[in-house]
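> predicted coordinates and the sequence they were generated for:
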Amino acid sequence: MGDRTVTVAGLFKVGASFAADGALITSDQNFLRLFPRIDASSVSLGLVQIEADAEPVKVKRDLEAHLPDDVQVFTSGARHPLSREKVS
């Protein structure tokens, strides 16, 4: 990407977008290295990996309690309100 070498560790399916031809999941620090002109506060999507013994619904509720109302939280297997497909 640009002048940097990246390693693709896997592929994932995401729905159509009006804004981009593709998507990339990376750490916040790598994102800012890859896109230095983008402000860190402009991130529009985040992925959280929880511990194997964590309860996804409880984690979702806890996140929703601490995040602003304009942030949506989804769990794996949950149906996105604007999609016919399950989030996986």
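Everything's here; your move.

> going forward, measure contacts between C-alpha atoms and count neighbours the same way
Will do.

> what's the single longest helix in the protein?
Ordering each helix of the chain by length in residues (DSSP state H) puts helix 56-66 first.

> by contact count, what packs against it?
Applying 3 or more Cα pairs under 8 Å, 6 or more residues apart in numbering; DSSP states H and E, we find helix 56-66 packed against no helix or strand.

> got a list of contacts for the helix or strand bottoming out on mean pLDDT in the chain?
When each helix and strand of the chain is scored by mean pLDDT, DSSP states H and E, helix 28-34 comes last, with a mean of 86. Applying Cα atoms under 8 Å, 6 or more residues apart in numbering, the set of residues contacting helix 28-34 from outside is 1-2, 4, 38-40.

> try it again with 7 Å
A40 (Cα atoms under 7 Å, 6 or more residues apart in numbering).

> remind me which residues of the protein are low pLDDT?
For the chain, the stretches with pLDDT under 70 are 17, 20, 77-88.

> 80 - rerun?
Along the chain, segments meeting pLDDT under 80 span 1-2, 12-24, 42-45, 76-88.

> secondary structure class for the residue of the chain positioned farthest from its centre?
The C-alpha centroid of the chain is most remote from D3, which lies 24.1 Å away (Cα atoms, centre = their mean). Per DSSP: H, G, I helix; E, B strand; the rest coil, the local secondary structure of D3 is coil.
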